[in-house]
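>>> No letters, just coordinates:
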């Protein structure tokens, strides 16, 4: 779970920048900097607002579900909405987590340097919402964990944070089966 104050800070910063950008800009460099930050925040602002209001929405639906006076049709509708709300919450939580990851200095200096990778990862993240993709541009994981550089590395973590399975480089069919078995055993 993401601390609520971090998500509220996203909303507050977005609203502050929105007000500042609507005022006349004398310093063009500062205006450009704030515009870039505003555009970045705009990517997750709807998700952040939803995330902040999630508990209230959930309580409203729970009240309908638990109210003895509610009609069965209303209860079923509320249950259906609750299920959709919780799925949306998980998806938005993942998007916010990715947004809150520290930005790589290379990306900040040259935003076009990794556009192709970023676009592909964004597409994959939308497709596989519970998977976390990590770019190790500073080679931290390569150096500290001994992973192969410029290669695919698949690491499966347990709920306790321990590594359950790891594959470096090419992923063979037998390794896929091993990984599936490890996942099944850890469920």
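It's in. All figures in this text were calculated on a predicted structure; none of them were measured in a lab.

>>> so where do the helices sit in this protein?
Using DSSP state H, the helices of the chain run over 4-22, 28-42, 45-66, 72-100, 105-109, 115-127, 140-145, 173-186.

>>> hey, least reliable of those by pLDDT?
Ranked by mean pLDDT, these end with helix 105-109 at the bottom, a mean of 53.

>>> Quickly note the distance from the residue of the chain most remote from its centre to residue 133.
What lies farthest from the middle of the chain is residue 69; by C-alpha atoms, centre = their mean that is 38.7 Å. Using C-beta to C-beta, to the nearest Å, we find residue 69 at a distance of 47 Å from residue 133. C-beta coordinates here come from the backbone N, C-alpha and C atoms, glycine included.

>>> related to what we said a few turns ago, so can I have JSON lines of the helices of the chain showing mean neighbour count and distance to residue 164?
JSON lines is the format used below for the helices of the chain (neighbours: other C-beta atoms under 10 Å; distance: least, C-beta to C-beta, whole Å):
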{"stretch": "helix 4-22", "mean neighbour count": "14", "distance to residue 164": "28"}
{"stretch": "helix 28-42", "mean neighbour count": "13", "distance to residue 164": "34"}
{"stretch": "helix 45-66", "mean neighbour count": "15", "distance to residue 164": "29"}
{"stretch": "helix 72-100", "mean neighbour count": "15", "distance to residue 164": "20"}
{"stretch": "helix 105-109", "mean neighbour count": "11", "distance to residue 164": "30"}
{"stretch": "helix 115-127", "mean neighbour count": "12", "distance to residue 164": "21"}
{"stretch": "helix 140-145", "mean neighbour count": "12", "distance to residue 164": "15"}
{"stretch": "helix 173-186", "mean neighbour count": "11", "distance to residue 164": "5"}
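
>>> quick one: which of these is nearest residue 151?
Judged by C-beta to C-beta, the one of the helices of the chain that comes nearest to residue 151 is helix 140-145, at 9.1 Å.

>>> For the closest one, which outside residues touch it?
Residues outside helix 140-145 that contact it (C-beta atoms under 8 Å, 6 or more residues apart in numbering) are 134, 136, 147, 148, 149, 153.

>>> and these, which of them are in strands?
Applying DSSP state E to these, the entries found in strands are residue 153.

>>> Tell me the one of the contacts of helix 140-145 nearest residue 87?
The closest of those to residue 87 turns out to be residue 134 (C-beta to C-beta; 23.9 Å).
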